[in-house]
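Chemist: Please find the sequence and the predicted model below.
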Amino acid sequence: MVIPTRFRRGGARVMPGLVLCILVAGTAPARARTAWASGTFVYADLCTLPETGARSGQRIILRRSPNGDALTYEGAEHPGARAAADMTLDDATKAITFAVETEAGPIHFQGVAGPDALTGTFEDETGAHPVHLPRVLRSHAHEACQGEATGSIAPRR
């Protein structure tokens, strides 16, 4: 059996591999990915109250990976980090929702994870609480609180 390595088209010799490349190049143009880059994003305002030594604030750690996203929540009034359940994250709008189960009951978040801050609303057994957590390189929970003790826009009840 003879397998031709070239064939004629319009009087010119063309190699089959070249024909394949031309056909592939003629398909729809490539689109840029709109997904966020992989990495760890920390949004936090955890600090220590100088008067009492008690911790205040909260920390959200969002880990983005091609294998999937994960989020952990840590609040001063809830000891230890908690893995979020039912997390959704829209790559185009950066809208994020998640739920965390604590010993006091579930906490739900809905908002936007921006490049500089996480802004939205936490809802727990006491109601809805607007929040604005700055994005930080790392959280400094051991440092003294300065000015406003929490990222909450309205005081927590």
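Modeler: Structure's in. What do you need? Just so it is clear, the model here is predicted, and its values are computed rather than measured.
Chemist: Name the residues that touch stretch 37-44?
Modeler: Identification of contacts with stretch 37-44 by C-beta atoms under 8 Å, 6 or more residues apart in numbering yields 57-66, 113, 117-118, 133-139, 141. All C-beta spots, glycine's among them, are computed from the backbone N, C-alpha and C.
Chemist: Make a ChimeraX selection of the buried ones in those.
Modeler: Buried subset of these, written as a ChimeraX selection, criterion 16 or more other C-beta atoms under 10 Å:
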select :57,58,59,60,61,62,64,113,117,118,133,135,139,141
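Chemist: Among the contacts of stretch 37-44, which are located in helices?
Modeler: Among the contacts of stretch 37-44, no member is found in helices (DSSP state H).
Chemist: Which of the contacts of stretch 37-44 fall within strands?
Modeler: Counting by DSSP state E, the contacts of stretch 37-44 place 58-64, 113, 117-118, 133-136 in strands.
Chemist: Relative to residue 77, which of the residues you listed is nearest.
Modeler: Proximity of these to residue 77 was ranked by C-beta to C-beta; the top entry is residue 58 with 8.7 Å.
Chemist: Okay, strands next: where are they in the protein?
Modeler: Under the criterion DSSP E, the chain carries strands at the ranges 7-9, 12-14, 39-44, 47-48, 55-56, 58-64, 70-75, 78-83, 85-89, 95-102, 105-113, 117-124, 127-136.
Chemist: Let me know which of the ones you listed is the nearest to residue 146.
Modeler: Among those, if distance is taken as C-beta to C-beta, the winner is strand 47-48, at 7.4 Å.
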